[in-house]
Every structure is written in C-alpha cells, then in structure tokens.
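Visitor: need a 3D model of the sequence below.
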Amino acid sequence: MEQGYAGYADALKRRLVEDRVVEKYGLEAKGEEMDAFAKGYITDQFAQYGMPAPDGEKLQQMAGRMLGDREQLSRMRDSIVQQKLTVHFRTLLEPKEASGQPR
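Guide: Numbering: from 1, shown residues only. Have a look, this model is predicted:
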C-alpha cells in the first residue's frame, strides 16, 4: 500500500486541480457536445472499416445507446474535458506579442 501511495496522491492532486479549473472556467462537457462526440466516434468506427456511417435517425439511435452506457458516457465526458483543458492551457501559455511590435 505504501508503494502505490505516492502515485495515488499525485493522481488525486492532479484530478482536484483539473476539477477546479473545469469548474472555474466552465469547461464541462455539455449535452450537445456529448451527442456530437458520440456521433463522431460512431462515424470514425465505421470509417475505420471502410464502411459508410449511418445517418439521420439510425446514427442518433446508435449515439443514444452509447450515451446510455455509464462507462462510455464517462469516457466521452473525460475526453471532451481533456480536450477543453488542453486548449485552455495552450491558450494561457501562448506567447503574447509586444504591443505594436511584430515578432
């Protein structure tokens, strides 16, 4: 138990910081983003096998089944939030141009 504690403590700290940033800056995964992510994932899976993805109602039904699965829902939410965090931190770390002077 002592061997794994340091890794667990680091992961917990990271998660708490991420959760605070997500809350503070409104980076939560929203319903329409989850739906679009599920549809994109399904389309990508079909494309991986060289098949055309279903469209319209069939695609929505498949996305609904994915969104109804707690494990998949959690993974999708985590992926969306991680993408948002990455964009957020990259934006914060971009070098600022000096006023009026080109780089």
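Visitor: buried sites along the worst-scoring helix or strand of the chain on mean pLDDT?
Guide: Least confident element among the helices and strands of the chain, by mean pLDDT, DSSP states H and E: helix 2-25 (a mean of 89). Neighbour counts over helix 2-25 (16 or more other CB atoms under 10 Å) mark Val22 as buried. Just so you know, the C-beta spots here come from the backbone N, C-alpha and C atoms, and that holds for glycine as well.
Visitor: spatially central residue for this protein, please.
Guide: Centroid-nearest residue in the chain: Ile80, 1.5 Å away (criterion: CA atoms, centre = their mean).
Visitor: leaving out chain neighbours, which residue sits closest to it?
Guide: Closest residue in space to Ile80, ignoring its immediate chain neighbours: Ala29 at 3.9 Å, by CB to CB, 6 or more residues apart in numbering.
Visitor: same question for Phe46.
Guide: The spatially closest residue to Phe46, leaving aside those adjacent along the chain, is Ala53, at 4.1 Å (CB to CB, 6+ apart).
Visitor: that concludes my questions; thank you for your assistance.
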